[in-house]
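Visitor: here are the coordinates; sequence isn't available:
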């Protein structure tokens, strides 16, 4: 565990710097939403294209990863539904609890992968992301439809998925790789420089988006969602990785992504589709802070 903590501490140090920057209003309130937007639409997609287009992913079991991700999300969904009666959550509360139990923070994930596994790990992670993001969005919208009445159907979600920059970047990067084109030499230094900006700026933006005041609303739902997401999810991922014979690297990366805190974007979805937004803010903040301990602990134990 100590070795994992040493390798991952810069990730969480940047998160805390983001918290402090927001606390002292530096460089200004309007900066952080724009920084997150630039990271999401430009810097992270460029990073994914750069890594996927140049990586050796011929030995990656894409079908096995897709099946593992699907089974992982189904297992997490089952755990959330089993805990709902015990926590006595109404429809809106359950949707936020569910997002806290199954979603993952891409920025924290890719930064952790870069720290632990380098460029080869980022390429395999892009494959995991390409399957996990669309499945998660479909699952979450179905839960909102069933329990909060906040969705008009899957069509708007599917339309947004088709335009999702991270999915498009993953697909484009794999096409460049499998076609043999790769990253054109003139573009390589440019995308490398842009990609280097993605992880630090993304982490700072995540930290700036945390709401420490929201932790006043801490309750059983935060504890339950955190146990599922930060403890049970990675154990399930390890079992699936071994059962499906994914290979050591793909299995370990699946465990890492399963151990991540929930996504910051879950708050926006909760607010738009009828979830419990204050509970969602508490879960996002609480899990992100807890993950500084649980990620090294779970990875040190499981892999």
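Guide: Yep, it's here. None of these values were measured; they are calculated from a predicted model.
Visitor: measure stretch 214-222 end to end?
Guide: When the termini of stretch 214-222 are compared using C-alpha to C-alpha, to the nearest Å, they are 11 Å apart.
Visitor: got a list of contacts for it?
Guide: 87, 89, 93, 96-97, 100, 278-279, 281-287 (C-beta atoms under 8 Å, 6 or more residues apart in numbering). Where C-beta positions appear, they are placed from N, C-alpha and C, glycine not excepted.
Visitor: Looking at the residues you listed, which one is closest to residue 263?
Guide: Proximity of the contacts of stretch 214-222 to residue 263, judged by C-beta to C-beta, is greatest for residue 284, which lies at 7.7 Å.
Visitor: about what we covered before: out of the contacts of stretch 214-222, flag the one nearest to residue 189.
Guide: Each of these was scored against residue 189 by C-beta to C-beta, and residue 284 proved nearest at 36.1 Å.
Visitor: Count the residues that sit near that closest one.
Guide: Neighbour count of residue 284, defined by other C-beta atoms under 10 Å: 30.
Visitor: what does residue 181 give?
Guide: Using other C-beta under 10 Å, residue 181 has 10 neighbouring residues.
Visitor: Let's see if you can find the most crowded of the contacts of stretch 214-222.
Guide: residue 283 (34 neighbours).
Visitor: and that residue, what helix or strand is that in?
Guide: Taking DSSP states H and E as the criterion, residue 283 maps to helix 277-302.
Visitor: Now do that helix: which elements does it pack against?
Guide: helix 2-23, helix 91-102, helix 106-147, helix 220-227, helix 233-243, helix 248-258, helix 266-273 (3 or more C-beta pairs under 8 Å, 6 or more residues apart in numbering; DSSP states H and E).
Visitor: Mind putting these into CSV with mean pLDDT and distance to residue 45?
Guide: Converted to CSV, these look like this (pLDDT from 0 to 100; distance: least, C-beta to C-beta, whole Å):
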stretch, mean pLDDT, distance to residue 45
helix 2-23, 82, 20
helix 91-102, 91, 23
helix 106-147, 84, 10
helix 220-227, 91, 29
helix 233-243, 95, 25
helix 248-258, 93, 18
helix 266-273, 78, 19
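Visitor: Minimum distance to residue 61: which of the ones you listed has it?
Guide: Residue 61 sits nearest to helix 248-258 of all those, at 6.5 Å, using C-beta to C-beta.
Visitor: circling back to that earlier point, what is the nearest of the contacts of stretch 214-222 to residue 69?
Guide: Lowest distance from residue 69 to the contacts of stretch 214-222 (C-beta to C-beta) belongs to residue 100, with 18.5 Å.
Visitor: Relative to residue 222, how far out is that closest one?
Guide: According to C-beta to C-beta, to the nearest Å, residue 100 stands 7 Å off from residue 222.
Visitor: what touches both of the two?
Guide: Shared contacts of residue 100 and residue 222 (C-beta under 8 Å, 6+ apart): 283, 287.
Visitor: what residues are up against residue 148?
Guide: Residues in contact with residue 148, defined by C-beta under 8 Å, 6+ apart, are 91, 92, 95, 273, 274, 275.
Visitor: Turn those into TSV, columns for distance to residue 128 and neighbour count.
Guide: Below are these laid out as TSV (distance: C-beta to C-beta, whole Å; neighbours: other C-beta atoms under 10 Å):
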residue	distance to residue 128	neighbour count
91	30	16
92	30	21
95	24	29
273	25	19
274	30	18
275	26	28
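Visitor: Tell me which two of those sit farthest apart.
Guide: The span of these, defined through C-beta to C-beta, is set by 91 and 273 at 11.1 Å.
Visitor: Let me know the secondary structure of the residue of the chain most remote from its centre.
Guide: What lies farthest from the middle of the chain is residue 186; by C-alpha atoms, centre = their mean that is 31.4 Å. Of the three states, residue 186 takes coil under DSSP: H, G, I helix; E, B strand; the rest coil.
Visitor: Just read off the phi/psi values of it.
Guide: phi -60, psi -30 (degrees, to the nearest 10).
Visitor: I'd like the distance between it and residue 193.
Guide: From residue 186 across to residue 193, the span is 13 Å (C-beta to C-beta).
Visitor: And for residue 141?
Guide: Distance of residue 141 to residue 193, given as C-beta to C-beta: 36 Å.
Visitor: quick one, which of these two is more surrounded?
Guide: With neighbours defined as other C-beta under 10 Å, residue 141 and residue 193 compare such that residue 141 has more, 22 against 11.
Visitor: so who does residue 111 touch?
Guide: So residue 111 contacts 11, 14, 199, 202, 203 (C-beta under 8 Å, 6+ apart).
Visitor: before we move on, back to that, what separation is there between the residue farthest from the centre of the chain and residue 174?
Guide: 21 Å.
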